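J.: need coordinates for the following:
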Amino acid sequence: MKKQTQLLIAAGVAAVVLVAGCSSMPSSAELDKLSQDIAKASFRDQGQAKVDRLVLDDANLECMKADVAGQPIEEKTAKAIEAANFASIKWPAGGQYIGDWKEGEKIAQSGRGMTWSDAAGSENGGNCYNCHQISKAEISFGTLGPSLYNYGKMRGVKDLYAPESAAIIQYTWGKIWNARAYNACSQMPRAGHKGILTEQQVRHIMALLLDPKSPVNQ
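T.: Residues are numbered from 1 along each chain as shown. Alright, predicted model coming up:
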């Protein structure tokens, strides 16, 4: 901790000297590096929480640059990001997309996981209600994402094993696994891609959204 504190102070001093001693303001790249150095000096590995979470992948970097510029990401870049993320989707073993909607509701309700105090190997929650309305029975939910109430019903899923249901089932799996496969700068957590949820947990969330017997579709 002492070394990290010293690094943090040194970085801050460097920033002050840089601004005060130069006739021009530091470049965007210099400020970005300074911010990254300060962030890295402020964190440490502990339990499940690792410093490598601060490392941005290509999608994060490109979307962040577009956001800072106040402009939409270039179409060519967006298509490349989506293609790369789509290629990374792990489709369910044996084509088994659907689990137990009752387990899916438990996962959707839970926001627990991936903190320094969680035991290694423990399963995480999906925290789905933080951004979405899902079941009418739940009165507390976020609105950052669209309502998912009647998700399967509105998309015509009457029989999970009917050929006409296959396309929406596959899309839903891909969206949960890695949302950036469909929207380059999606803010939805990449639940499967980032290891937030296991393959079996994704199956349960799929059942919650798509199973005609789920309260979501009643």
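J.: now do the residue lying closest to Gln133 once chain neighbours are set aside against Gly125, distance only.
T.: In space, and not counting its chain neighbours, Gln133 is closest to Ser147: 4.1 Å by C-beta to C-beta, 6 or more residues apart in numbering. Where you see a C-beta, it was placed from the backbone N, CA and C, and this is true even at glycine. Ser147 sits 20 Å away from Gly125, going by C-beta to C-beta, to the nearest Å.
J.: now do Arg44
T.: With C-beta to C-beta as the criterion, Arg44 and Gly125 are 25 Å apart.
J.: these two: which has the busier surroundings?
T.: Gly125 (19 against 13; other C-beta atoms under 10 Å).
J.: list the contacts of the residue nearest to the more buried one when sequence neighbours are not counted.
T.: In this structure, Gly125 finds its nearest non-sequential neighbour in Ser110, 2.6 Å apart by C-beta to C-beta, 6+ apart. By C-beta atoms under 8 Å, 6 or more residues apart in numbering, the residues touching Ser110 are Asn124, Gly125, Gly126, Asn127.
J.: can you pick the most crowded of these?
T.: Highest neighbour count within the contacts of Ser110: Gly126, with 26 neighbours (other C-beta under 10 Å).
J.: pLDDT below threshold where in this structure?
T.: Scanning the chain for pLDDT under 70 picks out 1-24.
J.: would you map out the domains in it?
T.: For the chain, automatic domain parsing gives the domain ranges 2-46+54-75, 93-217.
J.: thinking again about what came up before, can you add distance to Glu138 and secondary structure and give the contacts of Ser110 back as CSV?
T.: CSV is the format used below for the contacts of Ser110 (distance: C-beta to C-beta, whole Å; DSSP: H, G, I helix; E, B strand; the rest coil):
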residue, distance to Glu138, secondary structure
Asn124, 19, coil
Gly125, 14, coil
Gly126, 13, coil
Asn127, 13, coil
